[in-house]
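>>> have a look at this prediction, sequence included:
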Amino acid sequence: MLACGEQAEAGRWSSWVKCEEHEGIKSCVARNVCWDVTSRTLRVFDSSDQDVSFTTYLAAKYPPYSTPEEALVVDGSAGECEGCVFLKGVYGLVGRYFAHNRGHVLGDEVWAMFQALSLWGMEEEYRNMQVILHEDALNADVFEFVNARPVWTVGTVINQHGGFLCMETVVFGLAHLGYALGHSCGDGRSVTCRPKFLPPFQVNVRRFRLLAMELHGISERARPEVAQVVVTRKGRKALNPVRLVNTEEVVAAVKSLGVAVLVADWSTMSSKEQLALMSRTDVLVSLPGSDTMNAIWMPWDRSLVTPCRIYMDGRVDEGNETEIWFRYIHNVTRWCGFDRSRDVERVKGESHMRVPVEVVKALVGEQLGRLSDKGYVLPSVPSGGEGRKP
């Protein structure tokens, strides 16, 4: 069997395209087709018996959020393909959504492609498929969670294949399949907004997590252990201007509950390191936003404690991530009771927040009790006192 990227024997080939459709936009898998990068067209051959001429979208967004450059034209009028040479393996065309934000790359590119594969029972192909990003390679390493191959870009296709790439199997059309818009519709933000052709959200999350853990050789905990709490800390190059500045005080307070507490700055960790950490995390303490996206790797039905973000213009952000995703797979506790005159300070254009440590300690303690009662973790033993009775 030829590996992904190797050439099959030249000959006369016919194509086929299979699609599912949601709100007039298709998500598809195709066989023996060629991608003309310059014209943004996928050529389908010998398809007289199929109606396969349409337009779809490479990214996990759709009009009015998408642009004409993100559209992919599928052309079923290409006739026969005499002498074509198709590259073996599975290819995935991924449009960019919000590429400079790693959380969005995880949710709106990596996760969206997984969902596209799940339509056709092809999830296991993700590990070795060739991902092709429609633009640049910014934050492409996020695909390392579930994919072992170096990511290609349009530039790769132009430089190595002259801008015309013929593929044995290709998956494309990510609109409605990502995190940000996948659970959004006229009814608000809910799993009821998901395309009906997708497997249930909770089922796909479990499969996605298992795929990543198996790829990196990470196993589940065999038995309940002392709870692990992770507190996130923003890196110096964080995009969001809101920061929690008393992280060390929060860590000290939570440690007094008798649990393991770790501080995570995602910008300093590889994808495998992030996965290994979060796959054994029971409580995540984090401001809302992309820092919480790694909660998808936590064991099922764990806990998020998320103090709201308070911006200097007065806006309060409770977090889209918990609303769209995590309330369906974990227990989420939000807290917005900041005293703005005491807890929020403007520093060089940023909003620096100090969360009351006793509040965080109490919220985390409540979640530890829940997790212990369910048998997920061992009862905690606070410093200087007895733990909760099992």
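Structure's in. What do you need?

>>> please name the nearest non-neighbouring residue to residue 116.
Distances taken as Cβ to Cβ, 6 or more residues apart in numbering place residue 171 nearest to residue 116, at 5.1 Å, with adjacent residues excluded. Placement of C-beta: from N, CA and C, glycine included.

>>> separation between that neighbour and residue 195?
Noted for residue 171: a distance of 15 Å to residue 195, by Cβ to Cβ, to the nearest Å.

>>> who's more crowded, these two?
Legend: neighbour count by other Cβ atoms under 10 Å for residue 171 and residue 195, higher for residue 171 (25 against 17).

>>> contacts for the host helix or strand of the more buried one next, please.
Per DSSP states H and E, residue 171 falls inside strand 164-172. The contact list for strand 164-172, computed with Cβ atoms under 8 Å, 6 or more residues apart in numbering, reads 8, 27-37, 42, 56, 58, 72, 81, 84-93, 113, 116-117, 120, 122, 129, 157.

>>> now the strands: where do they sit in the stretch 51-200 of the chain?
In the stretch 51-200 of the chain, the strands defined using DSSP state E, counting those that start in this stretch lie at 54-57, 71-75, 81-84, 87-94, 130-133, 152-153, 164-172, 184-185, 188-189.

>>> going by mean pLDDT, which of those strands comes out lowest?
Of all these, mean pLDDT reaches its minimum on strand 81-84 (a mean of 75).

>>> ok, that strand: who's next to it in the sheet?
The pairing partners recorded for strand 81-84 under DSSP bridges are strand 11-13 (antiparallel).

>>> report the angle between the helix or strand that comes right after the strand it pairs with and strand 71-75.
Going down the chain from strand 11-13, the next helix or strand is strand 16-22, by DSSP H and E. With axes from the mean of the first three to the mean of the last three Cα atoms, to 10 degrees defining the directions, strand 16-22 sits at 140 degrees from strand 71-75.

>>> please name the bridge partners of the residue nearest to residue 116.
Beta-bridge pairing of residue 171 under DSSP bridges involves residue 29, residue 92.

>>> now do the domain split for the chain, please.
11-215, 228-373 (automatic domain parsing).

>>> what comes up buried for stretch 44-61?
44-47, 52, 54, 56-61 (16 or more other Cβ atoms under 10 Å).

>>> cool, stretch 324-331 as well?
Neighbour-count burial for stretch 324-331 [16+ other Cβ under 10 Å]: 324-326, 329-331.

>>> cool, stretch 90-101 as well?
So, applying 16+ other Cβ under 10 Å, buried residues of stretch 90-101: 90-99, 101.

>>> switch those residues over to CSV; also include distance to residue 188.
Output for the buried residues of stretch 90-101, formatted as CSV (distance: Cβ to Cβ, whole Å):
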residue, distance to residue 188
90, 35
91, 35
92, 30
93, 30
94, 27
95, 25
96, 26
97, 21
98, 21
99, 27
101, 23
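
>>> closest one of those to residue 340?
Of all the buried residues of stretch 90-101, residue 101 has the smallest distance to residue 340: 26.6 Å, by Cβ to Cβ.

>>> buried ones among the contacts of strand 164-172?
Neighbour-count burial (16+ other Cβ under 10 Å) is assigned, among those, to 8, 27-35, 37, 42, 56, 58, 72, 81, 84, 86-93, 113, 116-117, 120, 122, 129, 157.

>>> below-threshold pLDDT in the stretch 201-350 of the chain: ranges please.
235-239 (pLDDT under 70).

>>> would you map the strands across it?
In the stretch 201-350 of the chain, the strands defined using DSSP E, counting those that start in this stretch lie at 228-232, 242-244, 260-264, 283-285, 303-307, 309-310, 316-317, 331-335, 344-347, 350-353.

>>> distance to residue 189 added to the ones you listed, as TSV?
Formatted as TSV, these follow (distance: least, Cβ to Cβ, whole Å):
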stretch	distance to residue 189
strand 228-232	23
strand 242-244	22
strand 260-264	26
strand 283-285	21
strand 303-307	16
strand 309-310	18
strand 316-317	15
strand 331-335	14
strand 344-347	27
strand 350-353	25
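
>>> just name the most buried of those.
Across the strands of the stretch 201-350 of the chain, averaging neighbours per residue (mean count of other Cβ atoms under 10 Å) puts strand 283-285 on top, at a mean of 28.

>>> that one pairs with which strands, parallel or anti?
Per DSSP bridges, strand 283-285 is paired in its sheet with strand 228-232 (parallel), strand 303-307 (parallel).

>>> would you mind getting the angle between the last one and strand 331-335?
What that stands for is strand 303-307. 10 degrees.

>>> what residues does strand 303-307 touch?
Strand 303-307 is contacted by residues 244, 282-288, 292, 295, 318-319, 322, 326, 330-336, 338, 353, 355, 360, 363-364, 367, 370-371 when judged by Cβ under 8 Å, 6+ apart.

>>> apply 7 Å and report the result again.
With contact meaning Cβ atoms under 7 Å, 6 or more residues apart in numbering, strand 303-307 is reached by 282-288, 292, 295, 319, 322, 326, 330-335, 355, 360, 363-364, 367, 370-371.

>>> include distance to residue 381 when you put the domains of the chain into JSON lines, please.
Output for these, formatted as JSON lines (distance: least, Cβ to Cβ, whole Å):
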{"stretch": "domain 11-215", "distance to residue 381": "29"}
{"stretch": "domain 228-373", "distance to residue 381": "4"}
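
>>> thanks a lot, catch you later.
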